[in-house]
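In: Next come a sequence and a model predicted from it.
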Amino acid sequence: MLLQSFQPKGKVETCTRFYGLRCKPHVGWEDYTIKRTDLERQWMAEGFISKGHGQDVEKVAGNYFNELVNRSLIQPVRFDDRGSVTHCRVHDMMLDLILLKSAEESFLTVVDYPQEFAGLEYKVRRLSIRLDGASYGQKILQASSDVSQVRSVMFFGSPDRYNSPPLSWFKFLRVLFVDLPSSAAVDLTGLCKLYQLRYLRTSVNWQFQLPTQIRVLRHLQTLDVPRYDESLPSDIVHLPCLMHLNTSQRLPDGIGNIKSLRYFYLFDIAQNTLDNIKGLGELTNLRYLYLSSPALGDDDKQKRMDALCSSLGRLCNLEELVVNFQGCMDCNTRSAGCLSALCAREFFHYSERPTRFCRIAIQGPPAVYPL
């Protein structure tokens, strides 16, 4: 029955096999939990998803995911307050089957020890590096290793034990995922030579340094660097295909240029300039926006809030707005999360025109106000 449900039926099953790249080593199957949006964005980056009958590419990816759930190829494990799946996993038997079929068809390669890669006799397309068992200072790949055709690479384990390969070796890389501890060192100096890169995500704990200029990554769709402590590259606002941005850092001026942006987490009202607050209104493709701010000073508050309300009114495709403020226009207290429903209504009262939100979430004490 399991084999029958996994018979090749096109791109949907291809998407299922991509799950095999993400399963961490030495973890029970019940802990192989992956965020839905991560999977869908990786599918898009690899080119598994294409527009169908005029449908939006993200909608198509969502349909693929729902089909996999309906056929029990993946299992939902977490849901949002609307009942939509946010995280998933696969059963251990299904994972074994995914890895078996993927190995038979050279779809992906899992490397637990450096010598395993040296013995491969086929071109690797997708590479999951999980070298907890490597010796200190050991090289993962030799200079003679052919990784020029690798489209996705994911790093797991403790790379302080081994030398990671230069990114410049992966000439046609589309997906780069790094899930490493804070002490790990992976050399990102070759990042700007990955001209086909579409997806870059790092783990929360990993410390790293992005290049100062990345506008050569013209195909980049997802930049997910949640705990990046350095200044973002100054030319990030000139990435023409950027759709998903996750960062806690202040953005360079000119965010209104990122017309392709759909998902934006998070935008700090106090940290960003007034020009950038006004520039939010240019991001008319936004579907999701997370706003955050400490308590604003009285001299600055009205100006920034007026600009914010004006910008929100121009986001005609925005479906979800999450707000986490300390202090607000209608609040006297400065305690965390005191943005009230009245303040939320002010966003729309001062907007240039009504915005069609599915919902607005007010965080502070958590609450959701349907609009």
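Out: Nice, I can see it.

In: drop to CA atoms for contacts and neighbour counts, all remaining ones
Out: Noted.

In: burial count for S293?
Out: Using other Cα atoms under 10 Å, S293 has 20 neighbouring residues.

In: quick one: contacts for it?
Out: Residues in contact with S293, defined by Cα atoms under 8 Å, 6 or more residues apart in numbering, are D268, I269, A270, Q271, N324, F325, Q326.

In: for V110, same thing?
Out: Counting by Cα under 8 Å, 6+ apart, the residues that V110 touches are L21, L127, S128, I129, R130.

In: Pull the distance from the one helix or strand it maps to to the chain's centre.
Out: Following DSSP states H and E, one finds V110 within strand 109-111. Its chain's C-alpha centre and that of strand 109-111 lie 23 Å apart, by Cα atoms, centre = their mean, to the nearest Å.

In: my read: L318 touches Y290, true?
Out: No. In this structure, L318 sits apart from Y290 without contact. The criterion is Cα atoms under 8 Å, and the distance is 11.1 Å.

In: more crowded one of the two?
Out: Using other Cα under 10 Å as the criterion, L318 and Y290 rank with L318 on top: 23 against 18.

In: just for the stretch 51-200 of the chain, where's the confidence low?
Out: In the predicted model, the stretch 51-200 of the chain carries pLDDT under 70 at residues 52-53, 114-122, 131-145, 158-163, 182-187.

In: What segments of this protein are helices?
Out: Under the criterion DSSP state H, the chain carries helices at the ranges 2-5, 11-17, 36-46, 57-70, 92-104, 114-118, 274-279, 298-312, 341-349.

In: Could I get the buried residue list for the fourth one?
Out: Of the residues in helix 57-70, E58, V60, A61, G62, Y64, F65, N66, L68, V69 count as buried by neighbour count, 16 or more other Cα atoms under 10 Å.

In: In these, find the pair that's most separated.
Out: Across the buried residues of helix 57-70, no pair lies farther apart than E58 and V69, at 16.7 Å, counting by Cα to Cα.

In: before we move on, the earlier item: which one of the helices of the chain lies nearest to V150?
Out: With respect to V150, and counting by Cα to Cα, the nearest of those is helix 36-46 at 11.0 Å.

In: how far does that closest one sit from the chain's center?
Out: The gap between where helix 36-46 is centred and where its chain is centred comes out at 8 Å by Cα atoms, centre = their mean.

In: what's the answer for stretch 266-279, then?
Out: Using Cα atoms, centre = their mean, the distance from the centre of stretch 266-279 to the centre of the chain it belongs to is 21 Å.

In: Of the contacts of V110 - the most surrounded one?
Out: Across these, the neighbour count under other Cα under 10 Å reaches its highest value at I129, namely 26 neighbours.

In: Could you tell me how many residues sit around G47?
Out: G47 has 12 neighbours, counted by other Cα under 10 Å.

In: for it, what are its contacts?
Out: If you count contacts by Cα under 8 Å, 6+ apart, G47 has none.

In: where's it relative to M305, distance?
Out: From G47 over to M305 the distance is 40 Å, taken as Cα to Cα, to the nearest Å.

In: quick one on the thing from earlier: okay, the helices of the chain in TSV with distance to L261 next?
Out: As requested, the helices of the chain are exported to TSV (distance: least, Cα to Cα, whole Å):
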stretch	distance to L261
helix 2-5	36
helix 11-17	24
helix 36-46	13
helix 57-70	13
helix 92-104	33
helix 114-118	38
helix 274-279	12
helix 298-312	15
helix 341-349	21
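
In: between these, which one is nearest to D224?
Out: Comparison of these against D224 by Cα to Cα identifies helix 36-46 as nearest, at 9.6 Å.

In: which other helices and strands contact the closest one?
Out: Helices and strands in packing contact with helix 36-46 are listed as helix 57-70, strand 85-89, strand 175-178, strand 199-202; criterion 3 or more Cα pairs under 8 Å, 6 or more residues apart in numbering; DSSP states H and E.

In: rewinding a little: among the helices of the chain, which is nearest H244?
Out: For H244, the closest of the helices of the chain is helix 36-46, at 8.7 Å, according to Cα to Cα.

In: got the buried residues for that closest one?
Out: Buried positions in helix 36-46, judged by neighbour count with 16+ other Cα under 10 Å: R36, T37, D38, L39, E40, R41, Q42, W43, M44, A45, E46.

In: Output those as JSON lines; include the columns pLDDT.
Out: What follows is the buried residues of helix 36-46, written out as JSON lines (pLDDT from 0 to 100):
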{"residue": "R36", "pLDDT": "95"}
{"residue": "T37", "pLDDT": "95"}
{"residue": "D38", "pLDDT": "94"}
{"residue": "L39", "pLDDT": "94"}
{"residue": "E40", "pLDDT": "96"}
{"residue": "R41", "pLDDT": "96"}
{"residue": "Q42", "pLDDT": "95"}
{"residue": "W43", "pLDDT": "95"}
{"residue": "M44", "pLDDT": "95"}
{"residue": "A45", "pLDDT": "96"}
{"residue": "E46", "pLDDT": "93"}
